[in-house]
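**Q** Take this sequence and fold it.
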Amino acid sequence: MPRIRLIAPSGYPADPAAMTRGVARLRAAGYAVENEAVLGRSMQRFAGSDAERAADLNALADAETLPDIALVTRGGYGAARLLEHLHYDALRERLAGSALAMVGHSDFTAVQMALHVRSGLATLAGPLLADLGAEPEDGETLSQFRQVLSAPSAEVTWACNGDARLDVEGTLWGGNLAVLCSLLGTPYFPRIDDGILFVEDVGEPPFRIERLLYQLHLSGVLGRQRALLLGRFSDCRPGPRDNGYTLEAAFEQLRAVAGIPVIDGLPHGHGPGQLTLPFGAPAHLRVEGPTARLAFSGYPHHG
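**A** Numbering: from 1, shown residues only. Alright, predicted model coming up:
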C-alpha cells in the first residue's frame with residue numbers, strides 16, 4: 001500500500017471538512033495517509049510556526065523509511081519563509097535517486113524552485129490535499145495523479161488554440177506565476193536553459209498577469225525557454241478601468257514580444273481537472289494544430 005505523508009509548508013486548513021474528505025478519498029483509493037497532526041496546526045495565517053513547517057520537510061532527510069509521496073495540504077502563503085531553513089544538503093543525500101515524490105502547487109512552487117536549485121531534486125506540481133477533498137469530488141484529478149505517480153513516464157494531451165506546429169524537448173518546470181516571479185533575483189530561482197516553462201495563477205487581474213509575464217520576459221527567462229505553456233488562470237477578471245482589456249489581450253501582447261512559442265489551454269492550476277506535472281524532469285512537447293501532447297519521464301514515482 002503506497003504511503004502518503006502530509007506536509008504543511010504554507011496556510012492552515014481554511015476548510016477542515018475538505019481535508020477530512022481528502023484523507024478519506026485517498027484511503028479509499030488505496031493509500032495509507034500519515035502525519036494528520038499537521039491538519040490541526042495553525043499560527044496566524046500559517047499551518048504552524050516557521051520552525052514547525054520547515055521541520056515537515058527537513059524530517060524527510062532523517063526518515064528511516066521514506067513514504068512514497070509527501071503531499072502538501074494547501075497553498076496560501078508562507079513557503080518563502082522556509083527557504084533559508086531547509087536542510088538542502090541532507091535532503092539531497094537522502095532523497096536524490098529515491099522514489100519519494102513531493103507533490104503540491106500554488107505557494108509550494110517556492111519550495112520546488114529552491115529544492116531544484118539547492119538539492120537538484122525533481123518534484124511534482126499536482127493537487128493539494130484540499131483539492132482532493134473539494135466538492136464536488138474531482139475523480140479526473142485523482143485518477144491522473146495516481147497514473148503519473150505509479151509509472152516511470154506519462155503523456156498528457158489537451159486542446160489549444162491556433163494551428164501551431166511544434167516539436168521540442170527540454171526540462172519541464174514552472175508553477176504559480178506570482179510565486180515564480182517573487183523569487184527572481186534570489187538564489188532560489190533556477191537557471192534553466194532550453195526548458196519548457198508552464199505557468200498558472202488565481203485571483204490576479206489581467207494587467208497583473210501581463211506585468212508578471214513581462215517580468216519573466218524582460219529578465220531574459222522567457223527567451224531562454226523552448227516554449228511557454230499557459231495553464232489555468234482562475235478568477236482573473238478585468239476591472240472597471242480595463243476598458244476592454246482582457247486576459248486574452250494580455251496573452252496576445254505576450255505572444256508579440258516573447259520570441260518563443262506560447263501554447264495555451266494546459267489543464268493545470270487552481271480548479272478541477274488538474275494535471276500532475278513534474279518540475280525538473282525531461283519532457284517532449286509536440287503541438288499539431290489544435291492538439292498539444294506533453295510526454296515526460298525521469299521523475300520520482302512508486303510504481
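**Q** where exactly do the strands run in the chain?
**A** In the chain, the strands defined using DSSP state E lie at 3-7, 32-34, 69-72, 101-104, 123-125, 153-159, 165-176, 195-202, 225-234, 262-263, 277-279, 281-288, 291-297.
**Q** Quick check: the gap between the closest residue to residue 180 other than its chain neighbours and residue 222.
**A** Computed as CB to CB, 6 or more residues apart in numbering, the closest residue to residue 180 that is not its neighbour in sequence is residue 109, at 6.2 Å. In this view, the C-beta of every residue, glycine as well, is placed from N, C-alpha and C. When CB to CB, to the nearest Å is applied, the distance between residue 109 and residue 222 equals 17 Å.
**Q** Same check on residue 248?
**A** Separation of residue 248 from residue 222 (CB to CB): 19 Å.
**Q** between the two, which one's more packed in?
**A** Taking residue 248 and residue 222 together and counting by other CB atoms under 10 Å, residue 222 has the greater number of neighbours (21 against 11).
**Q** my guess is the more buried one contacts residue 228, does it?
**A** Yes. Between residue 222 and residue 228 there is a contact under CB atoms under 8 Å: 6.3 Å.
**Q** Now the common contact residues for those two.
**A** With contacts taken as CB atoms under 8 Å, 6 or more residues apart in numbering, the residues that reach both residue 222 and residue 228 are 197, 258, 260.
**Q** Next one: the first one from residue 221, what distance?
**A** Spelled out, that is residue 197. Distance of residue 197 to residue 221, computed by CB to CB: 8 Å.
**Q** Next: the second one.
**A** Computed with CB to CB, the distance linking residue 258 and residue 221 is 10 Å.
**Q** Please tell me the pLDDT value assigned to residue 163.
**A** Among the per-residue scores, residue 163 holds a pLDDT of 67.
**Q** quick one: contacts for residue 271?
**A** 232, 234.
**Q** So what does it look like in phi/psi?
**A** The main-chain torsion angles of residue 271 are listed as degrees, to the nearest 10 and equal phi 130, psi 170.
**Q** can you list the weak-confidence ranges in the stretch 101-250 of the chain?
**A** For the stretch 101-250 of the chain, the stretches flagged by pLDDT under 70 are 163.
**Q** again, only using 90
**A** Judged by pLDDT under 90, the stretch 101-250 of the chain has its weakly predicted residues at 161-164.
**Q** mind listing the helices for it?
**A** For the stretch 101-250 of the chain, the helices defined by DSSP state H, counting those that start in this stretch cover 109-119, 129-132, 139-149, 177-182, 206-218, 247-258.
**Q** Can you say which of those helices is nearest to residue 22?
**A** Of all these, it is helix 129-132 that lies closest to residue 22, at 4.1 Å by CB to CB.
**Q** roughly how far is the closest one from the heart of the chain?
**A** The chain centroid and the centroid of helix 129-132 are separated by 13 Å, computed with CA atoms, centre = their mean, to the nearest Å.
**Q** contacting residues around that helix?
**A** 6, 13, 15, 18-19, 21-23, 25-26, 71-75, 138, 141-142, 145, 274.
**Q** Whichever of the residues you listed end up buried, select them in ChimeraX.
**A** A single ChimeraX command suffices to select whichever of the contacts of helix 129-132 are buried according to 16 or more other CB atoms under 10 Å:
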select :6,13,18,19,21,22,23,25,26,71,72,73,74,75,138,141,142,145,274
